[in-house]
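A.B. asks: have a look at this fold, sequence not included:
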């Protein structure tokens, strides 16, 4: 398939040596990704133990039972693995157990066969998740409660001997100047740091980066959020965190004065986890795995091959100065990544190469200069027109053939994205990305740049076809009110698109939530809606309309169709998600998107034929 794609992007005067070099580099990138992916699959196979923890304060506060032995006896049938003890400072109104009480409770919990987890500081401020920290600091309000010093944490650890320590309050212990001491404490005692999703505590990222081998990722539904959930929806959220984001410690909080509902949630989680094939026990820790430097260098070579290919297909559109600038920038990027990796910061080097991959491959996959340069004739070369394309514009093929040709181009684009995904997997082959201690950087930029570059390529290609889109002329002819409406609509689409790339900016509409729930219940891993409902159908529609003869409308559809290709690569940039989940959701998104796009294209061609009077 790769050779076929390469042949379709050949240009006059291009040497066989260059084409073969590009092919070899891309194949090496694919092999590199498969090698690193196999290592990840082996790690993830042994990373399927889930721990269920409940808060002792919730049990005592809601059950009406005051004696700890009675509480432990009551929860025995629930299937709890661990119990969280909370140690709070005694200043002000905060209440907590004495050190002697903590010691005795920890001993009693362990005697019953439960693991002990320690939470230091109240969890009340986490009710507001991330915003409370920023809001109170902007208002000049002191954090509550007062935090423990590292020395006090060391004393508590010696008393309780917990397996995991979590922090309440605005910040982790030791922030900002004692984080090295806190990391050393974790390493010396063997206690693991519970990194809570959405907590947004100051210093949590720095502490995790300082002691990456002592990190366990924790998912919880914070008390303020509980009113929005029942047992079914709460269990679905926890299971989604386990399946899609690899959380292995579930900290289950209880509804106020309603321990029975919490018990049902625990039982539902236990049943569902067993049905999904997860084991129960102490949350596992990943080994310090890093892919060999050869894989990264090979991935970099594959990106260079893709960049070389993109430069070749754009060569006719770029002036001499732009060609020189492009080549210098590409060479600087290669040398910069190598220098970062071998002499400065390996994580930063991986992040830089991942970003370059996320921008380059979607553009190469959709840009028309690549998929419509075959068959150029001398007389049409100046316009970029092909004999094949002119035959299509005369409607000399059937709608079925147009759909088939569009699907063939779609497969070619997906082939390139598959290589890009392999390069992404090889690039981010580090256990710190799997734990989300380090992350892909530039999600919003990778969501915008390929679309913009594809738009520039489409406009340039339309002009070379002798069918310029004429944006300036059409804009001048528009009345003022139409310009305002169009500008507002475009701005709205951009804001929604960019806002939806984050977790907390723009909420998901109710209709889409129901579609997501249906997909989640139907497939092992939910396909991404932006792929199957927007990106893939529009790309297939654009290919088909172009080959049918409506080149400008086809190119206009191809540009937003880039979203699907971007989303595919973004899926594989989420290294904390299981690789099997990324492959599954991408596969089903492709199948559903291709089916929807084929139907949409066929209907569009029927409408166009009727309008033309044929």
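C.D. replies: Great, that's in hand. Note that the structure is a prediction, hence the values are computed from the model and not measured.
A.B. asks: residue 188 belongs to a helix?
C.D. replies: Yes: under DSSP: H, G, I helix; E, B strand; the rest coil, residue 188 sits within a helix.
A.B. asks: for residue 179, see how far away it is.
C.D. replies: Distance, residue 188 to residue 179, by Cβ to Cβ, to the nearest Å: 15 Å. The way it works is simple: take the backbone N, C-alpha and C, and place the C-beta from them, glycine included.
A.B. asks: do residue 169 as well
C.D. replies: 15 Å.
A.B. asks: more neighbours, these two?
C.D. replies: In this view residue 169 and residue 179 are compared by other Cβ atoms under 10 Å, and residue 169 has more residues nearby, 26 against 21.
A.B. asks: just the element for that one, please.
C.D. replies: Using DSSP states H and E, residue 169 falls within no helix or strand.
A.B. asks: so what's the residue count around the residue nearest to it when sequence neighbours are not counted?
C.D. replies: Of all residues not flanking residue 169 in the chain, residue 121 sits nearest, at 4.0 Å (Cβ to Cβ, 6 or more residues apart in numbering). Neighbour count for residue 121, taken as other Cβ under 10 Å: 28.
A.B. asks: hang on, isn't residue 121 packed against residue 153?
C.D. replies: No: in this structure residue 121 lies outside contact range of residue 153 using Cβ atoms under 8 Å: 10.1 Å.
A.B. asks: got a list of what the closest residue to residue 210 other than its chain neighbours touches?
C.D. replies: Distance criterion Cβ to Cβ, 6+ apart; nearest residue to residue 210, sequence neighbours excluded, is residue 183 at 3.7 Å. Going by Cβ atoms under 8 Å, 6 or more residues apart in numbering, residue 183 touches 207, 210, 211, 214.
A.B. asks: in TSV, list those along with neighbour count.
C.D. replies: Converted to TSV, the contacts of residue 183 look like this (neighbours: other Cβ atoms under 10 Å):
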residue	neighbour count
207	26
210	21
211	20
214	20
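A.B. asks: in strands, which of those fall?
C.D. replies: The strands in this structure, assigned by DSSP state E, contain none of these.
A.B. asks: closest one of the residues you listed to residue 533?
C.D. replies: Using Cβ to Cβ, residue 207 is the member of these that sits closest to residue 533, with 40.1 Å.
A.B. asks: tell me how far stretch 234-252 is from the chain's mean position?
C.D. replies: 16 Å (Cα atoms, centre = their mean, to the nearest Å).
A.B. asks: please disregard the earlier target; I meant stretch 552-565.
C.D. replies: The answer for stretch 552-565 is 22 Å, by Cα atoms, centre = their mean.
A.B. asks: quick one: pLDDT of residue 112?
C.D. replies: With respect to pLDDT, residue 112 scores 91.
A.B. asks: element containing the residue nearest to it when sequence neighbours are not counted, please.
C.D. replies: The spatially closest residue to residue 112, leaving aside those adjacent along the chain, is residue 72, at 4.7 Å (Cβ to Cβ, 6+ apart). Using DSSP H and E, residue 72 sits within helix 68-75.
A.B. asks: buried stuff in that helix?
C.D. replies: The neighbour-count check on helix 68-75 (16 or more other Cβ atoms under 10 Å) flags 68, 71, 72, 75 as buried.
A.B. asks: ok, the second one touching residue 59?
C.D. replies: Read that as residue 71. Yes: the pair residue 71 and residue 59 qualifies as a contact (Cβ under 8 Å) at a distance of 5.0 Å.
A.B. asks: contacts for whichever helix or strand residue 263 is part of, please.
C.D. replies: Under the criterion of DSSP H and E, residue 263 resides in helix 259-275. Residues outside helix 259-275 that contact it (Cβ under 8 Å, 6+ apart) are 50, 52, 54, 58-59, 62-63, 75, 78-80, 230-232, 234-235, 238-239, 242, 250, 252-255, 280.
A.B. asks: for the residue nearest to residue 169, give its distance to residue 210.
C.D. replies: Counting by Cβ to Cβ, the separation of residue 121 from residue 210 is 20 Å.
A.B. asks: what of residue 559?
C.D. replies: 44 Å.
A.B. asks: returning to what we had before: OK, contacts around the residue nearest to residue 112?
C.D. replies: Contacts of residue 72 (Cβ under 8 Å, 6+ apart): 108, 109, 112, 114.
A.B. asks: can you tell me which of these lies nearest to residue 439?
C.D. replies: When the contacts of residue 72 are compared against residue 439 (criterion: Cβ to Cβ), the nearest one is residue 114, at 33.2 Å.
A.B. asks: what strand or helix carries the residue nearest to the closest one when sequence neighbours are not counted?
C.D. replies: Leaving aside its chain neighbours, residue 114 sits nearest to residue 83 (5.0 Å; criterion: Cβ to Cβ, 6+ apart). Assigned by DSSP H and E, residue 83 belongs to strand 82-87.
A.B. asks: buried residues, the very next helix or strand once past that strand. List them.
C.D. replies: Downstream of strand 82-87, the first helix or strand assigned by DSSP H and E is helix 99-111. Neighbour-count burial for helix 99-111 flags 102, 103, 105, 106, 108, 109 (criterion: 16+ other Cβ under 10 Å).
A.B. asks: how far off helix 68-75 does helix 99-111 point, in degrees?
C.D. replies: 30 degrees (axes from the mean of the first three to the mean of the last three Cα atoms, to 10 degrees).
A.B. asks: could you say which helix or strand contains residue 116?
C.D. replies: strand 115-120.
A.B. asks: ok, residues contacting that strand?
C.D. replies: 51, 53, 55, 81-87, 106, 109-110, 148, 153, 156-157, 160-168, 173, 194, 251, 282.
A.B. asks: quick one: that strand to strand 82-87, angle?
C.D. replies: Going by the same axes, to 10 degrees, strand 115-120 makes 30 degrees with strand 82-87.
A.B. asks: phi first, then psi, for residue 53.
C.D. replies: phi -120, psi 140 (degrees, to the nearest 10).
A.B. asks: who's it bridged to?
C.D. replies: Following DSSP bridges, residue 53 is listed with bridge partners residue 82, residue 251.
A.B. asks: and for it, the neighbour number?
C.D. replies: 26.
A.B. asks: likewise for residue 270?
C.D. replies: 19.
A.B. asks: now for residue 285, how many residues are close by?
C.D. replies: Neighbours of residue 285 (other Cβ under 10 Å): 16.
A.B. asks: I meant to write residue 23 there.
C.D. replies: Residue 23, neighbours per other Cβ under 10 Å, totals 16.
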